[in-house]
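**Student:** Mind folding the following:
(2 chains)
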Amino acid sequence: MKMTNFKGTREAFAAAITDLAAENSKIMFVSPDSLKAMRATKFAELHPDQYIEVGISEQCAVDTAAGLASTGLIPFVGTYAGFLTMRACEQMRTFVAYPNLNVKFIGINSGLLGGEREGVTHQFYEDVGILSNIPNFAIFTPADAAQTYHSVLEAAKIDGPVYIRAGSGREEDVFDKNTPFHKDGITVLKQYGNDALLLSSGFVLPRVLEAADILKTKEIRVTAADVNILYGRDPSKILDAMSKTNQIITVEDHNVNGGLGAYISKLACENRPARVKRIGLTTFGESGPAKELADSYGFKPETIAETVLAELEKTC
Amino acid sequence: MNSTELKSVADHLRFETVKMVYEGGDGHPGPALSIADIIATLYFDEMRIDPSNPNWEDRDRFILSKGHACPIYYAALSEKGYFGEKVENFQLRALGSKFQGHPVMNKTRGVDMISGSLGNGISIGVGMAIAGKYRKKDYNVFVITGDGELQEGVCWEGINAAAAHKLDNLIVFVDRNGWQSGGKVADIIGSNNIKERFKSFSWDAQEIDGHDTDAIKAAIARAKAAKGKPSVIVCNCIKGKGLSYMENNNAWHKGVPTKEQFEIAKKELAGE
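**Tutor:** So this is what the prediction gives:
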C-alpha cells in the first residue's frame, strides 16, 4: 500500500484512511463537522461518496456509523475524544459495542498534550477509562504520528469496534515511519536494567524515554516501554516485561484511574504482584502551550525521574 | 393483502402480543398494540424481505426505534416464519431467551438493528439509507418511532441529516398515540405539532389514521414517490388499540394481564 505523507496524528489518520479507501470501497468516514479537525479534506475530495457529513451531532454520527456497518461497510468516526466517548458514549456502547459492529473511532485532542491551549472543554483524559468498561472495544494508544497511521491500518483489519486515541499535532516522532503497530501491546525502547519498569501510553513517550536517560546518569537503570494496546485480549508480552522488576511506574496523559495505570495495576494484582506507581492526571487541566502544560502537570522528564527515585527509596 | 386480511393479521399479532406478555409475566403491551396495523402492513404487504434469508443484502430494513413495543415485532417475525415453526411460547424476557426485553440483532433472527434506548432509530436509519444509496441498492428503510420518543435530541440530529442527504429511501412512522411512560405527551412537554416540525426540516410529511391499513398503504406509496427527501407518516393511533380495557389506558404502558383479562383478550382479539 502506498503511504501518503503526513505530519502529526491527525494528518496520519487522514493519510491512513485515504490509503485504505484507495483499495477498499467499504471504508467510510463519518464526520460530525470534523472534516477539517481530522485533516481529512483531501480524503473527501478523493472519495466524496465515502465521506458522510452529519453536522455537529456526535450521537447521530455514531448511530449513522452503526447503520452503515450493519450493511457491511467499514465506517470511521473521528472527532474530539470526549465528544465521542462522553457525548456519544451510549451510542458507542449500545449500538456499536453490544452488537459488535465494525465501527472505528478516532478520538483527537486526547490528554493535555492533545488539548493544550483549548482548555478543559477540549482536553480529554477520561476516554480510555470510559471505554475500558465497555466489552468488545479494542483500545489503541499510538505514541506518535507514524504509529497512528499504522494503528488505523491495524484497526481496519479487525472485525469489530476499535478506539484510537490521537492527539492534535504536537506529538514528537519516536518510531520509524515504517514500524507497524505492534499487536503484542508493548514495545521496549530503552533497556538499561531492571531497577524499575517505566511504562508509557501515548504521546508522553519521549518524556518517559528522557526520564530513563536521566535516571541512568544517576546510576538507576530502568527499562522503558511503550504500551500501545490497553485492556487487550493477550497481555502476555506486557506480563513478560513486568516479571523482570519489582517496581513499575506508569505514565499517561490521562486520569490515573481507568487508563494505563489502572490496567497495569490490574495485571500486577491478578498475575504478578509488583509495586505500581501511577503518574498521570488527578485533576482537570487548563489552557497553555503543550510543552509547558505537560511540564507543569507532572510530565516533565525530570519530574518523572524524581518520582521514580522517590518510589525506589520507599522500597529500600 | 386487502384491508380485511390485514385487520385479521393485526388482531392476531395483537393477541400473540398479549399472550406473550401474559406468559412471560412482563412487557409493554399498550405501546405494542398501538402499532399493530403499521407492523402488519409493513411485514405482510409492503416490505421486500425473505425470512429464509434474513441477511439478504437487498432486503428492506426495519428499525423499531420504540423498542419496548417489541412483542408485536417478535410476533410478526414468528408469523412470517423467521424462526421456522411459529413460536408457541416466546419466553419473553426470560433468562437465556432469544426474545430479549428490547430487540437485539445478534440474538433474534430478522431483527435488523438493536433498539430500545429511545431516540436512536432515525439516526441509525440514516446510516442504513446512505449505505443503500452508496451501494446502489434500491431497498427502503422503515423506522417506527413514538411521539414521546421525539423528545430525544438525537432524533432531530438524524432528522436534520436525513434531509441534508435527501434520503428518499427512509420512511419514518410516528406512532402518535399521545401517551408516554409518565403520562400524556401534551401534559409532560407539549405535542409540538409533529407533522409541521418534520416539514420545517424539509421532510415529506403526511398525517393519517394509524389503524387504517388502506391509509397506511397509500401513505407508503406516496412516501416512496416523494423524491429527494425523506418521508414521515404521522400515524394517529390509540395506545392499547383493539383490547377494550387497554385502549387509551396508560396503565398498560407496561403491565401484565390477569387470567381474567387474558380471557377477555381471547374473546376480543382471537374470537374465542
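**Student:** what number of residues lie near residue B:79?
**Tutor:** When neighbours are defined as other Cβ atoms under 10 Å in any protein chain shown, residue B:79 has 19 of them. To be clear about C-beta, it is placed using only N, CA and C from the backbone, and glycine gets the same treatment.
**Student:** go on, residue B:84?
**Tutor:** Taking other Cβ under 10 Å as the neighbour definition, residue B:84 ends up with a count of 10.
**Student:** can you tell me the helix or strand for residue A:304?
**Tutor:** Element membership for residue A:304, per DSSP states H and E: helix A:301-315.
**Student:** If you could redo that for residue B:124, that was the one I meant.
**Tutor:** Short version, using DSSP H and E: residue B:124 is in helix B:121-134.
**Student:** Could you list every helix and strand that the next helix-or-strand element following that helix packs against?
**Tutor:** Using DSSP H and E, the helix or strand that follows helix B:121-134 in sequence is strand B:141-146. Counting contacts by 3 or more Cβ pairs under 8 Å, 6 or more residues apart in numbering or on different chains; DSSP states H and E, strand B:141-146 packs against strand B:61-64, helix B:121-134, strand B:170-176.
**Student:** Pick the most buried one from these.
**Tutor:** Among these, judged by mean count of other Cβ atoms under 10 Å in any protein chain shown, the one packed with the most neighbours on average is helix B:121-134 (a mean of 29).
**Student:** So which elements touch that one?
**Tutor:** Helix B:121-134 sits against helix A:58-69, strand B:61-64, strand B:141-146, helix B:153-164, strand B:170-176, with contacts defined as 3+ Cβ pairs under 8 Å, 6+ apart.
**Student:** what about 10 Å?
**Tutor:** In terms of contact count using 3 or more Cβ pairs under 10 Å, 6 or more residues apart in numbering or on different chains; DSSP states H and E, helix B:121-134 is assigned the packing partners strand A:27-31, strand A:51-53, helix A:58-69, strand A:74-80, strand B:61-64, strand B:141-146, helix B:153-164, strand B:170-176.
**Student:** Can you list the strands that the last one pairs with?
**Tutor:** With DSSP bridges as the test, strand B:170-176 is paired with strand B:141-146 (parallel), strand B:231-236 (parallel).
**Student:** Just the mean pLDDT for the helix holding residue A:304, thanks.
**Tutor:** For helix A:301-315, mean pLDDT rounds to 95.
**Student:** likewise stretch B:94-113?
**Tutor:** Rounded mean pLDDT across stretch B:94-113 is 97.
**Student:** Next, the buried residues of that stretch.
**Tutor:** B:98-105, B:108, B:110-113 (16 or more other Cβ atoms under 10 Å in any protein chain shown).
**Student:** Dump those to TSV, plus distance to residue A:166 and secondary structure.
**Tutor:** Listed next are those as TSV, based on distance: Cβ to Cβ, whole Å; DSSP: H, G, I helix; E, B strand; the rest coil:
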residue	distance to residue A:166	secondary structure
B:98	39	coil
B:99	41	coil
B:100	35	coil
B:101	37	coil
B:102	34	coil
B:103	34	coil
B:104	32	coil
B:105	30	coil
B:108	36	coil
B:110	38	coil
B:111	34	coil
B:112	32	coil
B:113	29	coil
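**Student:** Can you tell me how far the closest residue to chain B within the stretch 101-250 of chain A is from residue B:74?
**Tutor:** Proximity of the stretch 101-250 of chain A to chain B (Cβ to the nearest Cβ) peaks at residue A:101, 9.0 Å away. Computed with Cβ to Cβ, to the nearest Å, the distance linking residue A:101 and residue B:74 is 22 Å.
**Student:** What is the distance between the helix holding residue A:304 and the centre of its chain?
**Tutor:** Averaging C-alpha positions (Cα atoms, centre = their mean, to the nearest Å) puts helix A:301-315 25 Å from its chain's average.
**Student:** Kindly report the same for stretch A:85-101.
**Tutor:** Using Cα atoms, centre = their mean, we find the averaged C-alpha position of stretch A:85-101 to lie 18 Å away from the chain's own average C-alpha position.
**Student:** Quick check: mean pLDDT of it?
**Tutor:** 98.
**Student:** measure it end to end?
**Tutor:** Using Cα to Cα, to the nearest Å, the end-to-end distance of stretch A:85-101 comes out at 16 Å.
**Student:** Contacting chain A as well, which ones from the buried residues of stretch B:94-113?
**Tutor:** Among the buried residues of stretch B:94-113, the residues that sit close to chain A (Cβ under 10 Å from any Cβ of the partner chain) are B:102, B:104, B:105, B:111, B:112, B:113.
**Student:** picking that back up, reformat the buried residues of stretch B:94-113 as TSV; add distance to residue A:146.
**Tutor:** Listed next are these as TSV, based on distance: Cβ to Cβ, whole Å:
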residue	distance to residue A:146
B:98	46
B:99	49
B:100	44
B:101	46
B:102	43
B:103	43
B:104	40
B:105	37
B:108	44
B:110	45
B:111	42
B:112	39
B:113	37
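**Student:** Around chain A, which positions in the stretch 1-150 of chain B sit nearby?
**Tutor:** When proximity is defined by Cβ under 10 Å from any Cβ, the stretch 1-150 of chain B lies next to chain A at B:55, B:57, B:61, B:63, B:102, B:104-107, B:111-117, B:119-135, B:137, B:139, B:141.
**Student:** nearest spatial neighbour of the residue of the stretch 101-250 of chain A closest to chain B, skipping sequence neighbours?
**Tutor:** Closest residue to residue A:101 in three dimensions, ignoring its sequence neighbours and counting by Cβ to Cβ, 6 or more residues apart in numbering or on different chains: residue A:69, at 4.1 Å.
**Student:** Check the strands paired with strand B:170-176 for me and report the most buried one.
**Tutor:** Mean neighbour count (mean count of other Cβ under 10 Å) peaks for strand B:141-146 among the strands paired with strand B:170-176, with a mean of 29.
**Student:** and the angle for that strand with helix B:153-164?
**Tutor:** Taking axes from the mean of the first three to the mean of the last three Cα atoms, to 10 degrees, one finds strand B:141-146 and helix B:153-164 inclined to each other by 150 degrees.
**Student:** Off-centre distance for strand B:141-146?
**Tutor:** Relative to the mean C-alpha coordinate of its chain, strand B:141-146 is positioned 6 Å out (Cα atoms, centre = their mean).
**Student:** Stretch A:127-142 now?
**Tutor:** Here the centre of mass of C-alpha atoms in stretch A:127-142, compared against the chain's by Cα atoms, centre = their mean, lies 9 Å away.
**Student:** Please save the CA atoms from it in PDB.
**Tutor:** The C-alpha atoms that make up stretch A:127-142 are tabulated as PDB, following Å, rounded to 0.1, in the frame of the first residue of the first chain:
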ATOM      1  CA  ASP A 127     -11.700   8.400  27.300                       C
ATOM      2  CA  VAL A 128      -9.900   5.200  27.900                       C
ATOM      3  CA  GLY A 129     -11.400   4.800  31.400                       C
ATOM      4  CA  ILE A 130     -14.900   5.100  29.900                       C
ATOM      5  CA  LEU A 131     -14.200   2.600  27.100                       C
ATOM      6  CA  SER A 132     -12.400   0.200  29.300                       C
ATOM      7  CA  ASN A 133     -15.700  -0.600  31.000                       C
ATOM      8  CA  ILE A 134     -17.400  -1.500  27.700                       C
ATOM      9  CA  PRO A 135     -16.900  -5.000  26.300                       C
ATOM     10  CA  ASN A 136     -15.700  -5.600  22.700                       C
ATOM     11  CA  PHE A 137     -13.700  -2.400  22.300                       C
ATOM     12  CA  ALA A 138     -10.100  -2.700  21.200                       C
ATOM     13  CA  ILE A 139      -8.300   0.400  22.600                       C
ATOM     14  CA  PHE A 140      -5.200   1.600  20.700                       C
ATOM     15  CA  THR A 141      -2.900   4.400  22.100                       C
ATOM     16  CA  PRO A 142      -0.400   5.100  19.400                       C
END
